[in-house]
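Visitor: Provide a 3D model corresponding to the input given below.
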Amino acid sequence: MTPDTKQHDIQSTSPSPAPSAARLEYEKRLHQHEAQAARLQQQHLWLGNTRISVFIAIAVLCWKAAGSLVLFGLLLAAILIFIGLVVVHRRVVRMMNQAKRAITVYQRGLARIADTWPGSGETGEEFKDPLHLYAEDLDILGDGSLFQLLCTARTRMGKQRLAHWLLHAAAPQEIQERQQAIAELKQKLDLREDLAVLGESERIEAHPESLARWAQERSGLKNGSWWALFLAALRVAALVYGLKVMWTPFILLLLINGGILARFRHRLDKIFAGLSETHKDLDSLAEVLHRFEKEKFTSARLQQLQAQLVQQGAQPSVCIAQLDTLSDLDDSRHNWFVRVLDIPLLYSLQLAFALERWRQKFGSGVEVWLNVVGEIEALNSLATYAYEHTEDPFPEFIPDTAGPYFDGEGLGHPLLPAEKCVRNDAKLGGEKLGKEKTSGEKNGGKNQVLLVSGSNMSGKSTLLRVVGVNTILAMMGAPVRAARLRLSCVAVAASMRVSDSLRQGVSHFYAEIKRIRQVVDLSSRTPSLFLLDEVLQGTNSHDRRMGAEGVLRSLIHNGAIGLVTTHDLALTSLEEVFPDRIHNVHFQETFQGDQLSFDYRLRPGVVTTSNGLALMKAIGLDVP
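Guide: The predicted model follows:
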């Protein structure tokens with residue numbers, strides 16, 4: 001059977017396509033927010049100057065108002081005006097900052113549409129795992145990665161969830177639910193904009209693990225707020241008594257309060273420990289939650305997420321806002337004025353009682369709320385990608401009763417600019433063989449392996465990444481860069497960028513065979529799609545030929561499907577060893593004078609040209 005190798009080439013010489021609906025909408029909203037930001041900037045400057053003028057007027061009236069009821073009335077009016085200006089000014093600054101964040105959001109969106117996004121946005125470097133079976137090989141994380149293209153999350157939990165989805169395949173039911181949620185969020189541009197700009201800060205730096213752990217802890221501090229308030233009130237009375245009669249009661253109560261704080265010191269430290277670090281940007285988190293709470297959804301997954309936000313009749317956004325207020329009060333404990341009043345009023349103790357009450361009432365729900373926010377942001381990132389790339393369809397999943405299956409038409413790489421992307425078809429597995437299987441053999445169907453030959457820079461490695469990245473997108477529930485993609489659920493494993501390690505004493509070849517062993521082991525446990533680039537290139541031609549045959553025999557026996565690239569044409573004879581299972585395909589180049597060119601089109605059969613010597617001559621090496 002000859003594999004299907006039709007080509008879909010996007011020619012750079014074709015006329016520029018009409019602007020997409022997403023680009024037009026982004027440009028319209030960008031201009032609106034730029035105009036709004038400019039208008040609010042003017043109001044900001046005017047209010048700032050007016051506040052300075054009113055403050056000067058207050059200072060003058062304070063100096064002149066003594067003995068004059070008229071001037072005293074003007075002083076009170078000026079103070080009220082100043083307070084009003086402060087409130088209005090804060091609102092204007094908040095709206096201006098949100099408008100500026102919206103400008104950034106749409107500028108980044110336009111950059112993604114125009115394929116000029118690399119180098120900006122979150123990279124996901126913190127989620128890298130050097131032992132992962134495809135992350136490094138397929139540019140999943142890091143600068144210019146798939147994560148950087150997709151991520152619009154503001155919270156740590158959103159970034160964590162998106163990275164987890166990229167690194168771990170979902171179950172079929174979960175994929176279907178995500179696709180439905182993404183399709184619904186895709187149309188809710190106002191909601192996606194609000195989730196991107198609401199709050200006081202661009203990033204929400206609350207630490208999900210630390211915050212959830214703090215919420216579950218118990219200090220053992222029992223609620224004694226009533227007697228703490230009583231002692232504080234008694235202390236104020238003693239102060240008044242001391243000013244008029246004697247200071248003995250005041251000093252006595254001061255010693256009592258100091259003793260109480262000393263007794264509770266360890267419990268207070270346990271409650272306040274790390275509070276300022278773990279509870280960052282809770283006001284913004286509360287606004288994001290509130291916006292999601294009030295939205296109406298039809299997809300099952302989004303409705304389930306909303307249902308998880310129910311906690312003892314209170315909205316999580318309100319609960320988080322309360323915690324934010326308490327966290328602000330904790331920050332004020334470090335103010336010198338509050339420090340002076342801490343012992344007389346038992347300020348720290350009363351705040352600790354309030355925090356402990358909050359934990360007892362709402363602490364059990366915090367981890368769930370944070371997980372919901374993380375999933376919302378991950379879905380929102382994929383919905384944004386779907387909106388910006390409307391030509392990218394959702395893949396169709398089929399049962400793997402006939403073994404692993406992959407059938408893609410017009411496959412492209414989402415990290416390549418559209419005008420440079422040459423698309424190809426690839427089909428693997430899915431057709432049962434007529435002969436009986438050997439003992440223990442899993443049926444991977446016909447055409448389990450495409451053996452890709454070709455010269456340097458012809459597109460072999462890119463083809464592997466195209467198939468791998470689109471499979472990753474499909475298995476996380478996202479749209480794919482293809483005209484059409486049908487596949488079964490598979491685990492992806494790759495050996496493409498293995499490297500030696502001087503510190504660990506591991507050669508390149510040893511690192512490669514260790515990775516290949518991991519690929520084979522994975523295929524024995526679950527339906528798999530493997531990607532082997534320049535297989536066994538670290539050894540001689542004879543060992544490479546025999547080793548490749550053994551590796552592919554194991555993978556075929558396990559029912560896996562995949563692609564293998566090679567420069568060594570001796571490996572192309574494996575098609576004869578595994579008829580129907582392995583098919584040769586190739587890329588080739590053309591010479592026009594001394595100029596080397598590639599069309600990056602996948603063709604059936606074995607490559608008949610090479611360019612190694614030509615490339616060496618081109619850079620000045622003296623070769624025959």
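Visitor: Tell me which helix or strand residue 54 sits in.
Guide: Using DSSP states H and E, the element containing residue 54 is helix 21-64.
Visitor: Which elements pack onto that helix?
Guide: helix 69-113 (3 or more Cβ pairs under 8 Å, 6 or more residues apart in numbering; DSSP states H and E). To be clear about C-beta, it is placed using only N, CA and C from the backbone, and glycine gets the same treatment.
Visitor: Confirm that residue 143 lies within a strand, as I assumed.
Guide: No. Read with DSSP: H, G, I helix; E, B strand; the rest coil, residue 143 is coil and lies in no strand.
Visitor: Using the three-state scheme, assign the closest residue in space to it that isn't next to it in sequence.
Guide: Nearest residue to residue 143, sequence neighbours excluded (Cβ to Cβ, 6 or more residues apart in numbering): residue 123, at 5.2 Å. Recorded secondary structure, residue 123: coil (three-state DSSP).
Visitor: picking up where we left off before, compute the inter-axis angle for the helix holding residue 54 and helix 69-113.
Guide: 160 degrees (axes from the mean of the first three to the mean of the last three Cα atoms, to 10 degrees).
Visitor: Let me see the mean pLDDT of helix 21-64.
Guide: Averaged across helix 21-64, pLDDT comes to 93.
Visitor: coming back round to it: I figured the residue nearest to residue 143 hits residue 139, correct?
Guide: No. Taking contacts as Cβ atoms under 8 Å, residue 123 lies outside contact range of residue 139: 10.9 Å.
Visitor: Name the next helix or strand following the helix or strand harbouring residue 183 along the chain.
Guide: Assigned by DSSP H and E, residue 183 belongs to helix 172-186. Downstream of helix 172-186, the next assigned helix or strand under DSSP H and E is helix 189-197.
Visitor: hmm, back to that, neighbour count winner among residue 123 and residue 139?
Guide: residue 139 (21 against 18; other Cβ atoms under 10 Å).
Visitor: excluding its backbone neighbours, what's nearest that one?
Guide: Sequence neighbours aside, residue 145 is the residue nearest to residue 139 in space, at 4.9 Å (criterion: Cβ to Cβ, 6+ apart).
Visitor: While we're on the one you found, how confident is the model there?
Guide: 95.
Visitor: Just give the number of residues close to it.
Guide: Residue 145 has 24 nearby residues by other Cβ under 10 Å.
Visitor: Likewise for residue 101?
Guide: Neighbour tally, residue 101, other Cβ under 10 Å: 19.
Visitor: ok, back up a step: shared neighbours of residue 123 and residue 139, which are they?
Guide: residue 145 (Cβ atoms under 8 Å, 6 or more residues apart in numbering).
Visitor: got a list of what the residue nearest the centre of the chain touches?
Guide: What sits nearest the mean C-alpha location of the chain, by Cα atoms, centre = their mean, is residue 159, with 3.1 Å. Counting by Cβ under 8 Å, 6+ apart, residue 159 makes contact with 122, 124, 127, 151, 153, 377.
Visitor: my guess is the third one contacts residue 162, does it?
Guide: No. Here residue 127 lies out of contact with residue 162, judged by Cβ under 8 Å, at a distance of 9.0 Å.
Visitor: re earlier: now list the buried members of the contacts of residue 159.
Guide: 122, 124, 127, 151, 153, 377 (16 or more other Cβ atoms under 10 Å).
Visitor: Turn these into a markdown table, including pLDDT and distance to residue 551.
Guide: As requested, these are exported to a markdown table (pLDDT from 0 to 100; distance: Cβ to Cβ, whole Å):
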| residue | pLDDT | distance to residue 551 |
| --- | --- | --- |
| 122 | 91 | 37 |
| 124 | 92 | 31 |
| 127 | 95 | 30 |
| 151 | 95 | 35 |
| 153 | 94 | 39 |
| 377 | 96 | 40 |
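Visitor: what two of those residues have the greatest distance between them?
Guide: Across these, the longest distance by Cβ to Cβ is 14.5 Å; it joins 127 and 377.
Visitor: ok now the strand or helix carrying residue 288, how far from the chain's centre?
Guide: Taking DSSP H and E as the criterion, residue 288 maps to helix 282-293. On the basis of Cα atoms, centre = their mean, to the nearest Å, helix 282-293 sits 18 Å off its chain's mean C-alpha point.
Visitor: CA atoms only for that helix, dumped as CSV, please.
Guide: Provided in CSV are the C-alpha atoms of helix 282-293 (Å, rounded to 0.1, in the frame of the first residue of the first chain):
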residue,chain,number,x,y,z
LEU,A,282,-6.3,38.4,46.2
ASP,A,283,-8.4,41.4,45.2
SER,A,284,-7.8,40.6,41.5
LEU,A,285,-8.5,36.9,42.1
ALA,A,286,-11.8,37.8,43.7
GLU,A,287,-12.8,39.9,40.7
VAL,A,288,-11.9,37.1,38.2
LEU,A,289,-14.0,34.7,40.3
HIS,A,290,-16.9,37.1,40.4
ARG,A,291,-16.9,37.6,36.7
PHE,A,292,-17.0,33.9,36.1
GLU,A,293,-19.7,33.3,38.7
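Visitor: Which is the succeeding secondary structure element to that helix?
Guide: Scanning onward from helix 282-293 (DSSP H and E), the first element met is helix 300-307.
Visitor: contact partners of that next one?
Guide: 177-178, 180-181, 184-185, 292-293, 297, 372, 375-376, 379.
Visitor: at 10 Å what do you get?
Guide: Residues outside helix 300-307 that contact it (Cβ atoms under 10 Å, 6 or more residues apart in numbering) are 174, 176-182, 184-185, 188, 292-297, 299, 368, 371-373, 375-376, 379, 477.
Visitor: Restricted to buried residues, select those in PyMOL.
Guide: Of the contacts of helix 300-307, the buried ones go into a single PyMOL selection, burial set by 16+ other Cβ under 10 Å:
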select buried, resi 176+177+178+179+180+181+182+184+185+188+292+297+299+368+371+372+373+375+376+379+477
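Visitor: So for residue 253, what pLDDT did the model give?
Guide: Looking at residue 253, the pLDDT reads 62.
Visitor: got it, and residue 191?
Guide: Note for residue 191: predicted pLDDT of 95.
Visitor: what pLDDT, on average, does the host helix or strand of residue 324 get?
Guide: Assigned by DSSP H and E, residue 324 belongs to helix 316-332. Throughout helix 316-332, pLDDT has a mean value of 86.
Visitor: Would you mind getting the angle between it and helix 282-293?
Guide: Helix 316-332 and helix 282-293 are oriented at 180 degrees to each other (the same axes, to 10 degrees).
Visitor: could I have helix 316-332 exported to CSV, CA atoms only?
Guide: Extracted in CSV, the C-alpha atoms of helix 316-332 (Å, rounded to 0.1, in the frame of the first residue of the first chain):
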residue,chain,number,x,y,z
PRO,A,316,-16.0,32.4,46.5
SER,A,317,-15.4,35.9,45.2
VAL,A,318,-16.9,37.4,48.4
CYS,A,319,-14.9,34.9,50.6
ILE,A,320,-11.7,35.7,48.8
ALA,A,321,-12.4,39.5,49.0
GLN,A,322,-12.8,39.1,52.8
LEU,A,323,-9.5,37.2,53.0
ASP,A,324,-7.9,40.0,51.0
THR,A,325,-9.2,42.6,53.5
LEU,A,326,-7.8,40.5,56.4
SER,A,327,-4.5,40.2,54.5
ASP,A,328,-4.3,44.0,54.1
LEU,A,329,-4.9,44.3,57.8
ASP,A,330,-2.0,41.9,58.4
ASP,A,331,0.2,44.2,56.2
SER,A,332,-0.8,47.1,58.4
